[in-house]
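Peer 1: I'd like to go over a predicted model; first the sequence, then the structure.
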Amino acid sequence: MALNYPVREPSTRDSTPYLLTTGTTPPSITAPSATGIPGAPVSLTTRDLINSLRTPIEVTELHFVVTETNVLLANNVGWWMGGIEVNLALGIHQLTQGFCPVGALGVRREALALEGNLSGGAAPPIYSNTIRWILPQPLIVGPNEGFSGSMRLSPNLTPFPTGGTGNTVVTLSMVARGRRLPAGTPVPASRAVPFASGWIFSAASANAPDVSFQNVFPDRILHVTSLNAVPVSANIGVDLSGTFSINAPGGIANGVIRALAGALVHVGDIFSNRNALEEAHDLNPGEGYKILHGGTYSPVAGTNVGISVAMIGWREE
Amino acid sequence: MTPVLSPQPVVLPAAAGGSVSMTSGVGGPAAFQPGIRNTEAVGVLIDKIVLSSRNSAGGANPEGPGFQLAWLVELRWQNELLTNSFVPLPAVCWPMNRESEYFSRWAIRLSKPMWLEPNDYISVTVRNDLAVEYSPAAYVITAAAIGRQCATPPADRWLPFLSAYLGPSYGTGATISDQSGPADLGNPYDTPLFIERLVGRFFAGDSGGAWWDDDPEPAWVPYNVRISDHRDNFWVPTPTQFGAVFGPTDRSWIVNHTLEPKGFLRVEFEGTANNAGITLPQGGTRVSRVAVGSIGYRRIA
């Protein structure tokens, strides 16, 4: 099980650090003011996310910067920092199972909470969250291959109830960070491709309260390296302060669904250090985890807080 | 069986009482003489160099927020510069995590440990080129090196080399357009320079010349950056948000790159400044600027 890949030694200038990016005008979406509206997905695909070099790129991490502008303080409009989800692919290889909340892709200190000033200046200030997804295995991106996908606002978090104008603009920048491999390096016939599936649990979840994260690939093993959970808020995004608690997920054994716990357990007890798994765990096709959802959200009444959960792993393609 | 003991940790405080006072306002240089000396009986492998400041008058801001960009530091060992002349201290420091990094305590974590034989020393000179936010106040600067005992010189000896480029300041609405020069983030030596990481720092300021931390401020969002080397190999081919290039928590990008002799990096900034999110403790007009530093090392005989 190649979970621990060699740490790269300082390389020569033939191996230049390199970024693929959504560029200076990253895609944005105008947040709706009504509750429970996911909003139409917006494409993330640009040619700048395509490897235009003649050599492969080895990508080791993806950065997401969620930025909000045009926040009108007077109206206290509902913000959407925690509700951003992405649906990503590399060429024909899916990197996420449908839409996955970006807030749960970073663990421990890889997610940075609100940056901004709530009492800021006269002009509408800017707010941002930064999340770093350190890929479980380096991802080889061949020439002319690229990232594609879309972003949306989750239907499971709702704007702060006193909001109303719905003119908040949410922008998502994505950066694939890695290095270009030496000229002549071929794309390997078999390569490790990361995979994430996620969900935002909240009191407003419109869908089933229990969610399964499964190995959806019919013919290959999924090597799960982490099961992340972070508190999120529609207002401020990733919340590292832990100012609210949620009595939520447990888990049950159900057919091929492996148990995480036998009963409802406080979320913080399962996801210590934001990650429920101490070791990597292989899932055969169809196997997975089920997370139950229950309890109450406190101290924030309403529906604008939740838990962003993601299962992260990789498979051979 | 003989137990194997891990090396003895060592803290080497700067000489002359370990501190140099600098009054507020533009001033200096203030040098630690003779600097950080190895007072151990054996050699020491130095892992990091820490500099701290405190307001000697005490008061509400004993650690002096707003002080850090004023710090330009120069490190020397024997006849060798360990920094590219004077460099802004924050631009060559990266936080392990946000909680532990306090406004006015900065640790230069060396990419490779530097061996210092007994009685040898590192010269530390601090200069204050910019106004201090909370004036008038006298600041006491302390310095120390932290490492471990190592009786014999390691087979491979490394010297750190730190350099930085500090961009100009921009007011809201101003067009950001600037780039570093060959001497800013370069390899001045005839031997390869190994760059472990680039550090990206954002500084908020007021029109009075005070500058302070980058952490809670989102005004870096309009700053876009491109990076290439002297051979026009692009590292960041498309102008990209400053905060997306450099990590969210360590403010850096581990690049592990070998810069050939006389090679250099070119950092270009562009965008339209928007400083609306900056809080002004003392009024004035909001301004902002960014810096990129490189932390690396080279092999010596």
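Peer 2: Cool, the structure landed.
Peer 1: quick check: which ranges of the stretch 201-317 of chain A have low pLDDT?
Peer 2: Scanning the stretch 201-317 of chain A for pLDDT under 70 picks out the ranges A:203-210, A:233-274, A:276, A:278, A:292-305.
Peer 1: in the stretch 151-300 of chain B, which spans are helices?
Peer 2: Ranges of helices within the stretch 151-300 of chain B are B:242-245, based on DSSP state H, counting those that start in this stretch.
Peer 1: which strand or helix spans residue A:170?
Peer 2: strand A:169-180 (DSSP states H and E).
Peer 1: what is the neighbour count of residue B:284?
Peer 2: By other CB atoms under 10 Å in any protein chain shown, 13 other residues sit near residue B:284. Bear in mind the C-beta positions are built from the backbone N, C-alpha and C, glycine included.
Peer 1: quick one: contacts for the closest residue to it other than its chain neighbours?
Peer 2: Setting aside the residues directly before and after it, residue B:284 is nearest to residue B:206 in space (CB to CB, 6 or more residues apart in numbering or on different chains), at 3.6 Å. Going by CB atoms under 8 Å, 6 or more residues apart in numbering or on different chains, residue B:206 touches B:280, B:282-287.
Peer 1: from those, which is closest to residue A:53?
Peer 2: Nearest to residue A:53 among the contacts of residue B:206: residue B:287, at 37.7 Å, using CB to CB.
Peer 1: quick one: contacts for that closest one?
Peer 2: Shown in contact with residue B:287 (CB under 8 Å, 6+ apart): B:169-171, B:204-207, B:275.
Peer 1: gap between it and residue B:173?
Peer 2: Using CB to CB, to the nearest Å, residue B:287 is found at 11 Å from residue B:173.
Peer 1: same deal with residue B:289?
Peer 2: Distance from residue B:289 to residue B:173, by CB to CB: 15 Å.
Peer 1: who has more neighbours, those two?
Peer 2: residue B:289 (23 against 9).
Peer 1: in the sheet, who's paired with that one?
Peer 2: On the basis of DSSP bridges, residue B:289 is bridged to residue B:203.
Peer 1: so it makes contact with residue B:167?
Peer 2: Yes: Residue B:289 lies in contact with residue B:167 (CB atoms under 8 Å); the separation is 5.1 Å.
Peer 1: just checking: what are the partner strands of the helix or strand residue B:125 falls within?
Peer 2: Assigned by DSSP H and E, residue B:125 belongs to strand B:121-128. When pairing is defined by DSSP bridges, strand B:121-128 lines up against strand B:27-37 (antiparallel), strand B:71-77 (antiparallel).
Peer 1: now the strand holding residue A:170: average pLDDT?
Peer 2: Per-residue pLDDT values across strand A:169-180 average out to 87.
Peer 1: from chain B, how far out is residue A:173?
Peer 2: Residue A:173 is 5 Å from chain B, where distance means CB to the nearest CB, to the nearest Å.
Peer 1: scratch that, residue A:142
Peer 2: Residue A:142 sits 17 Å away from chain B, taking CB to the nearest CB as the criterion.
Peer 1: quick check: phi and psi on that residue?
Peer 2: Dihedral pair for residue A:142: phi -80, psi 170, per degrees, to the nearest 10.
Peer 1: give me the neighbour count for it.
Peer 2: Neighbours of residue A:142 using other CB under 10 Å come to 19.
Peer 1: wouldn't it be in contact with residue A:185 here?
Peer 2: No: in this structure residue A:142 lies outside contact range of residue A:185 using CB under 8 Å: 9.8 Å.
Peer 1: count the neighbours of residue B:115 for me.
Peer 2: A count of nearby residues for residue B:115, using other CB under 10 Å, gives 21.
Peer 1: so what's it up against?
Peer 2: Applying CB under 8 Å, 6+ apart, one finds that residue B:115 lies in contact with B:43-46, B:150, B:153-154, B:157.
Peer 1: any idea which helix or strand carries it?
Peer 2: Assigned by DSSP H and E, residue B:115 belongs to strand B:105-116.
Peer 1: and that strand, how far out from the chain middle?
Peer 2: 11 Å (CA atoms, centre = their mean, to the nearest Å).
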